[in-house]
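K.L.:
Sequence first, then the predicted structure:
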Amino acid sequence: MSELNLPILDLSLLDQGPEAAARFRDDLRTATRDVGFFYLTGTGISPELEARLLQAAKDFFALPEEEKLAIENVTSPHFRGYTRVGGELTQGRVDWREQIDIGPEREAINDPDGPGYNRLVGPNLWPAAQPELRDVVTEWHDRLTEIARTLLRAWALSLGAEEEYFDRHFGDPQTLIKIVRYPGKDDPTPQQGVGAHKDSGVLTLLWVEPGKGGLQVLRDGEWVDAPPVPGAFVVNIGELLEYATQGYLTATNHRVVSPRFPDERISVPFFFNPALDAILPIIDLPAELAAEARGVEDDPTNPIHATYGENALKSRLRAHPDVAERWHPDLVAARAAS
């Protein structure tokens with residue numbers, strides 16, 4: 001472990017021969033078993049693309065309020081679009097951030113007899129005044145999808161499965177990109193930028209504006225800082241990978257503390273997950289790894305579902321009660337009665 005509190009892994013080792021690739025896979029397995037988080041370097045993402053993404057984010061949040069509210073997520077039954085400051089909850093508490101949520105660009109599914117998670121499928125909401133946002137986000141999505149697939153193949157081998165294990169069970173990936181701005185707060189106590197939580201899916205690649213801290217990871221019962229590393233992503237696994245390995249790998253609680261005014265912070269998490277109807281089967285771990293599996297955390301307030309769509313829907317309904325109440329009162333009522 002480094003003084004940065006999280007391991008640092010170099011993805012380019014996979015292209016440096018069998019021994020280097022095996023070392024990367026071993027380090028990957030260890031990092032996500034012991035911590036659930038790590039820094040990833042060597043991804044090939046150019047500083048130029050990072051700069052374009054950051055500028056696009058800043059330009060979006062600088063738009064007039066009416067331009068952003070024209071694509072507010074309460075107008076989308078698919079939980080897409082802009083969320084104003086204070087418009088999202090974690091653990092029932094208000095998150096001090098604004099953001100735009102962007103998922104796969106698809107036609108809505110209008111099937112009243114289909115599963116509830118089908119309602120997450122639909123078109124995005126893009127700002128009319130900033131057409132370039134869609135271009136840079138599309139490029140970012142495609143590049144990070146390649147990185148995510150590479151990581152999952154390395155994970156599969158490190159867990160004793162065939163390299164294409166996750167590819168076979170993922171189907172058409174359900175991705176989500178959040179472009180987030182954390183405005184500064186001048187309160188004397190730290191504020192909840194986003195509250196403590198675990199990600200509901202498989203894999204998250206987080207890009208953070210250079211030099212901006214605030215991310216904290218729960219390690220051994222204590223919150224430790226995870227400041228940004230130049231040229232690196234912060235990577236963490238979600239509940240579904242914990243489920244598929246029966247607790248051999250660990251999904252870890254994390255949070256963001258708001259910056260102090262007048263500072264602000266831009267971050268862009270990319271969530272790479274299976275198709276909504278996909279069920280990740282439990283991986284048949286080698287005996288020496290299976291003996292170290294700790295089981296899936298049993299939290300009655302946060303059940304982990306085998307079908308990804310159920311996990312994703314749980315997360316969205318909980319985080320955006322205003323969208324849920326406007327568009328999905330039947331789902332809200334069903335959960336209240338269960």
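P.N.:
Thanks, I have the structure now. Numbering: from 1, shown residues only.
K.L.:
Can you get me a residue count around Glu66?
P.N.:
Neighbourhood size, Glu66 [other CB atoms under 10 Å]: 7. From N, CA and C alone the C-beta is placed, and that goes for glycine too.
K.L.:
Provide the secondary structure category for it.
P.N.:
helix (DSSP: H, G, I helix; E, B strand; the rest coil).
K.L.:
so for the longest helix along the chain, what's the average pLDDT?
P.N.:
Criterion DSSP state H: the longest helix present in the chain is helix 132-158. Averaged across helix 132-158, pLDDT comes to 97.
K.L.:
quick one: contacts of the helix or strand following that helix?
P.N.:
As assigned by DSSP states H and E, the chain's next helix or strand after helix 132-158 is helix 165-170. Here helix 165-170 makes contact (CB atoms under 8 Å, 6 or more residues apart in numbering) with 149, 152-153, 155-156, 202, 274-275, 278-281, 283.
K.L.:
which among those residues end up buried?
P.N.:
Neighbour-count burial (16 or more other CB atoms under 10 Å) is assigned, among these, to 149, 152-153, 155-156, 202, 274-275, 278-280, 283.
K.L.:
Pick out whichever of the residues you listed sits closest to Phe261.
P.N.:
Proximity of those to Phe261 (CB to CB) peaks at Val202, which lies at 35.9 Å.
K.L.:
And the contacts of helix 165-170, which is closest to Arg106?
P.N.:
Closest to Arg106, out of all of these and judged by CB to CB, is Ala275, at 11.4 Å.
K.L.:
How about that closest one: what's its closest non-neighbour residue?
P.N.:
Gly171 (3.2 Å; CB to CB, 6 or more residues apart in numbering).
K.L.:
Can you tell me how far the one you found is from Asn273?
P.N.:
In this view, Gly171 and Asn273 are 10 Å apart by CB to CB, to the nearest Å.
K.L.:
Look at these two and report which has more neighbours.
P.N.:
Legend: neighbour count by other CB under 10 Å for Gly171 and Asn273, higher for Asn273 (26 against 14).
K.L.:
I'd like the distance between that one and Leu69.
P.N.:
Counting by CB to CB, the gap from Asn273 to Leu69 is 28 Å.
K.L.:
Same question for Arg106.
P.N.:
Computed as CB to CB, the Arg106 to Leu69 distance reads 24 Å.
K.L.:
tell me the contacts of Arg52?
P.N.:
Val136.
K.L.:
Which helix or which strand is home to it?
P.N.:
Using DSSP H and E, the element containing Arg52 is helix 47-61.
K.L.:
Using CSV, list the CA coordinates for that helix.
P.N.:
Only the C-alpha atoms of helix 47-61 are listed here, as CSV (Å, rounded to 0.1, in the frame of the first residue of the first chain):
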residue,chain,number,x,y,z
PRO,A,47,-4.7,14.4,-21.4
GLU,A,48,-6.4,16.1,-24.4
LEU,A,49,-9.6,14.0,-24.0
GLU,A,50,-9.6,14.6,-20.2
ALA,A,51,-9.3,18.4,-20.8
ARG,A,52,-12.2,18.3,-23.3
LEU,A,53,-14.3,16.4,-20.9
LEU,A,54,-13.6,18.8,-18.1
GLN,A,55,-14.3,21.9,-20.2
ALA,A,56,-17.5,20.4,-21.4
ALA,A,57,-18.5,19.8,-17.8
LYS,A,58,-17.7,23.3,-16.7
ASP,A,59,-19.5,24.7,-19.7
PHE,A,60,-22.6,22.7,-18.9
PHE,A,61,-22.8,23.8,-15.3
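K.L.:
And it, what's buried?
P.N.:
The neighbour-count check on helix 47-61 (16+ other CB under 10 Å) flags 50, 52-54, 56-57, 60-61 as buried.
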